[in-house]
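Participant: I'll drop the sequence and a predicted model, then ask my questions.
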Amino acid sequence: MTFDLEAPQEELAHEVAGVQRVGRRVEADVQTERALRQTGRERVTIGGVVYEPASVEVGEEIHRPPCCHDRAPSLAPVSLIRVRGTIHTMTSLEELAKRFRDFAGEATVRAPLYSCLSAAIADDPELVELLQAAPPEQQSPVLLFAAVHYLLLDGNSHELTDYYPNLVDPPRPANQSFGPFRRFVLQHAGDVATLVATRSTQTNEVGRCALFLPALAMLERRRGPLALVDVGTSAGLNLLLDRYSYEYAPGGGVGPPSTVHLSCGTRGAVPVPAALPRVAARVGVDAAPIDLRDDAAARWLEACVWPDQPDRFARLRAAVELARESPPLLIQGDAVDDLAAVINRVEADGHPVVMNSWVLNYLPEHRRMAYVAELDRLGADRDLSWVLAESPSQTSGLPIPTTPAPEHRTVLSMVTWRDGRRTVHRLASCHPHGFWLHWE
């Protein structure tokens, strides 16, 4: 049975409860599944989207309905939807709660506010359930935190602001923040749910440039000026690495004074360069690149920075201003399907270097494998380099040496293709935000 989304609303509501049309996006709640069972239908097609009983997760075009602002929302998950023929397995509340508990432990030192909040959220199913509105690969605690942070940065006045170190100085104690946090989330439940369902984490962490710089300088000395291709570029801020200044300890300073100054602790024989590498061309590719001329887009980027780290917040704002003065070329495209065209665009200007950092964990494993295969194919026809900073435990299938047990640290690596032959170099372990670099 197929229902026409343009049919009179009362007819549609009679057949399938809880389905709304918002612009061209179809949204559904758990009533969709109930309606299927009540009407005895095996499937319903609405606006080209097929709903049918199956244990599934919300797909890319199916999200929760906007919740009313004047009442607490219903947070029941959309549990039985098939979208575009692809089934996504729903992440259980128990697994999501575990992610909040794990994050609470991981964030204790660098993000005490998020650590305290995450520990409390893990025991609050109503808040945990909010993450089920996100696509499976985005169901991370930091997405919920970014949504709340965005609303605070957008000028929503609330007592919760007093607990955010990047917004007030001094902040109130983090261990007293959960009550205000919960009240804020429920007060803005519709906006929070919409952001979680439609946004993705965009941590364009400029601190990672301090990790890339030694590797890129080595390549520039050997191969000449570089043509950088940043995959998963977000707003393209890492493409501007030659416009920042650096201080390695030990190792010394690199680059002229800049409004973006990056400090990095070192261990081992880190090849700190004497000068910034020459960059002849730069281009970023992203499924949803951020246009920093859009204040709301820039605000989302800021919201993805942890508020406990005002240093990161300040340098991001400084990098955004630099990018607005002279923006890099950003292309909307796919990491696999569009990689060849992007490399072809810049390789005449310099040695092509593909970069990515904390991007490949967001790709399904089969797409990660396709990404590596595409690099191998491209490297067979040209000299090519690939510099990456990724966590082996979250990026299975990469050609990077790792430990038998899951390796949760971030590993900096370089893969080169010379005359069609691939060579893998594991260079260092490092902090995911570039605070330290331990050469191996």
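Facilitator: Received it, and whenever you're ready, just let me know what you need.

Participant: residues of the helix or strand hosting Ala104 that come out buried?
Facilitator: For Ala104, the host element (DSSP states H and E) is helix 93-106. Buried positions in helix 93-106, judged by neighbour count with 16 or more other CB atoms under 10 Å: Leu96, Ala97, Arg99, Phe100, Arg101, Phe103, Ala104. C-beta here means a position set from N, CA and C on the backbone, and glycine is covered the same way.

Participant: give the contact list for the fourth one.
Facilitator: Meaning Phe100. Ser118, Ala119, Ile121, Ala122, Val128, Pro141 (CB atoms under 8 Å, 6 or more residues apart in numbering).

Participant: find the nearest non-adjacent residue to it, please.
Facilitator: Ala122 (3.9 Å; CB to CB, 6 or more residues apart in numbering).

Participant: now for that neighbour: which residues touch it?
Facilitator: Residues near Ala122 by CB under 8 Å, 6+ apart: Ala97, Lys98, Phe100, Arg101, Ala104, Val128.

Participant: just Val192 next, same as before
Facilitator: Contacts of Val192 by CB under 8 Å, 6+ apart are Leu130, Leu144, Ala147, Val148, Leu151, Val185.

Participant: if any of those residues are buried, give me the PyMOL selection for them.
Facilitator: To isolate the buried ones among these in PyMOL, judged by 16+ other CB under 10 Å, type:
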select buried, resi 130+144+147+148+151+185
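
Participant: with distance to Pro257 added, can I get the contacts of Val192 in JSON lines?
Facilitator: Listed next are the contacts of Val192 as JSON lines, based on distance: CB to CB, whole Å:
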{"residue": "Leu130", "distance to Pro257": "44"}
{"residue": "Leu144", "distance to Pro257": "38"}
{"residue": "Ala147", "distance to Pro257": "36"}
{"residue": "Val148", "distance to Pro257": "36"}
{"residue": "Leu151", "distance to Pro257": "36"}
{"residue": "Val185", "distance to Pro257": "42"}
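
Participant: now the buried residues of helix 93-106 in JSON lines, with distance to Ala341?
Facilitator: Output for those, formatted as JSON lines (distance: CB to CB, whole Å):
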{"residue": "Leu96", "distance to Ala341": "38"}
{"residue": "Ala97", "distance to Ala341": "43"}
{"residue": "Arg99", "distance to Ala341": "36"}
{"residue": "Phe100", "distance to Ala341": "40"}
{"residue": "Arg101", "distance to Ala341": "43"}
{"residue": "Phe103", "distance to Ala341": "37"}
{"residue": "Ala104", "distance to Ala341": "43"}
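
Participant: pick out whichever of those residues sits closest to Thr233.
Facilitator: Phe103 (25.3 Å; CB to CB).

Participant: the closest one contacts Leu143, correct?
Facilitator: No. With contact defined as CB atoms under 8 Å, Phe103 does not count as touching Leu143 (11.1 Å).

Participant: can you give me the strands for the stretch 151-300 of the chain?
Facilitator: 226-231, 245-249, 252-254, 261-267, 279-286 (DSSP state E, counting those that start in this stretch).

Participant: and among the ones you listed, the most buried is which?
Facilitator: Ranked by mean neighbour count under mean count of other CB atoms under 10 Å, these are led by strand 226-231, which reaches a mean of 25.

Participant: dump it to CSV, restricted to CA.
Facilitator: The C-alpha trace of strand 226-231 is given here as CSV (Å, rounded to 0.1, in the frame of the first residue of the first chain):
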residue,chain,number,x,y,z
LEU,A,226,53.2,20.6,-1.5
ALA,A,227,49.6,20.3,-2.9
LEU,A,228,47.5,19.6,0.1
VAL,A,229,44.2,17.7,-0.1
ASP,A,230,42.4,17.6,3.3
VAL,A,231,39.8,14.9,3.4
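
Participant: for it, name the packing helices and strands.
Facilitator: Counting by 3 or more CB pairs under 8 Å, 6 or more residues apart in numbering; DSSP states H and E, the packing neighbours recorded for strand 226-231 are helix 209-223, strand 279-286, helix 339-346, strand 351-357.

Participant: list of residues touching that strand?
Facilitator: The contact list for strand 226-231, computed with CB under 8 Å, 6+ apart, reads 216, 219-220, 236, 238-239, 277-286, 335, 339, 342-343, 346-347, 349-356, 359, 371.

Participant: residues touching Leu316, list them.
Facilitator: Leu316 neighbours (CB under 8 Å, 6+ apart): Asn204, Val206, Leu237, Leu301, Glu302, Val305.

Participant: by neighbour count, which of these wins?
Facilitator: Among the contacts of Leu316, Leu237 has the most neighbours (other CB atoms under 10 Å), with 28 neighbours.

Participant: so who does that one touch?
Facilitator: Contacts of Leu237 (CB under 8 Å, 6+ apart): Asn204, Val206, Leu316, Ala319, Val320, Ala323.

Participant: for Thr108, what are its contacts?
Facilitator: Ser115.

Participant: tell me how far Leu329 lies from Val415.
Facilitator: According to CB to CB, to the nearest Å, Leu329 and Val415 sit 24 Å apart.

Participant: residues near the nearest residue to Ile290 once chain neighbours are set aside, how many?
Facilitator: Excluding its sequence neighbours, the residue lying closest to Ile290 (CB to CB, 6+ apart) is Ala235, at 4.0 Å. Residues lying near Ala235 (other CB under 10 Å) number 27.

Participant: what pLDDT does Ala235 get?
Facilitator: In this model, Ala235 is scored at 95, pLDDT.

Participant: any idea which helix or strand carries Tyr114?
Facilitator: Here Tyr114, judged by DSSP H and E, is contained in helix 112-121.

Participant: which residues sit against that helix?
Facilitator: For helix 112-121, using CB under 8 Å, 6+ apart, the contacting residues are 100-101, 103-105, 107-108, 127-128, 141-142, 144-145, 163-165, 171, 174-175, 177-178, 181, 306-308.

Participant: narrow these to those that are buried.
Facilitator: Applying 16+ other CB under 10 Å to the contacts of helix 112-121 flags 100-101, 103-104, 107, 127-128, 141-142, 144-145, 163-165, 171, 174, 177-178, 181, 306-308 as buried.

Participant: just checking, Glu374 touches Asp338?
Facilitator: No. The criterion here is CB under 8 Å, and Glu374 misses it with Asp338 at 9.9 Å.

Participant: tell me which of Leu329 and Val415 has more neighbours.
Facilitator: Remark: of Leu329 and Val415, Val415 carries more neighbours, 22 against 16, as counted by other CB under 10 Å.

Participant: any idea what the more buried one is bridged to?
Facilitator: Trp386, Val424 (DSSP bridges).

Participant: any idea how far Pro225 is from it?
Facilitator: 20 Å.

Participant: what helix or strand is Asn428 on?
Facilitator: Actually, residue 428 is Ala. It isn't Asn. strand 421-430.
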